[in-house]
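Undergrad: Show me the folded form of this:
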Amino acid sequence: MIIDILIVGIAATLTLDIAQQLMKQLLNWPATNWAIIGRWAAGVAQGRFVNHAIGSSPQVDNELALGWLVHYGVGIAYGAIYLFLVYVILGTGPAYVPAMAFGIVSVAVTWFMMEPILGAGVMAANTDDPPAKRLHDFGSHLGFGLGLYLGGLLL
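TA: Numbering: from 1, shown residues only. Okay, here's the model as predicted:
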């Protein structure tokens, strides 16, 4: 089961990354800066969970690598939750509709937890272009849902 979780979680996270690159090329929307997530994670390790000024906070050593590690770690954890839901709760297996639904629901963590604690506000309300940021987040998580499905096909 651990191999299944790794396959699904990595496939989903990789697909999210590909979706972000496509949005960058097609819509000129920047991909997520994972260094900021690494900087935030370093702060969490020091007891600082909320950082409303993360962009102007001092850089930390290896923040980009740490951010990518956190990004893929969260994706793998989400993969585990998804597989638990489809196997144990639904009594089925990975499939397109549950994967896409999970991807769509997972954007709530970005909108209602991560963006507020990093100073972007609920649903990116404090950013330069909230509607574009929301669409970027949503598109990224649609990519994640598609990746859950594709990873499930590999099992």
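Undergrad: Residue 133 and residue 26, how far apart?
TA: Residue 133 sits 16 Å away from residue 26, going by CB to CB, to the nearest Å. Every residue, glycine included, has its C-beta placed from N, CA and C.
Undergrad: Just want to know which of those two has more residues nearby.
TA: More crowded of residue 133 and residue 26, by other CB atoms under 10 Å: residue 133, with 22 against 8.
Undergrad: quick one: buried residues of whichever strand or helix holds residue 21?
TA: Assigned by DSSP states H and E, residue 21 belongs to helix 2-27. Residues of helix 2-27 classed as buried: 4-5, 7-17, 19-20, 23 (neighbour count, 16 or more other CB atoms under 10 Å).
Undergrad: One more: stretch 134-147?
TA: Buried residues in stretch 134-147 (16+ other CB under 10 Å): 134, 136, 137, 139, 140, 141, 142, 143, 144, 145, 146, 147.
Undergrad: And it, how far out from the chain middle?
TA: 8 Å (CA atoms, centre = their mean, to the nearest Å).
Undergrad: List the contacts of it.
TA: 11-20, 23, 29, 32, 75, 78, 99-104, 106-107, 110-111, 115, 123-124 (CB atoms under 8 Å, 6 or more residues apart in numbering).
Undergrad: how about a cut-off of 7 Å?
TA: Residues outside stretch 134-147 that contact it (CB atoms under 7 Å, 6 or more residues apart in numbering): 11-16, 18-20, 23, 29, 99-100, 102-104, 106-107, 110-111, 123-124.
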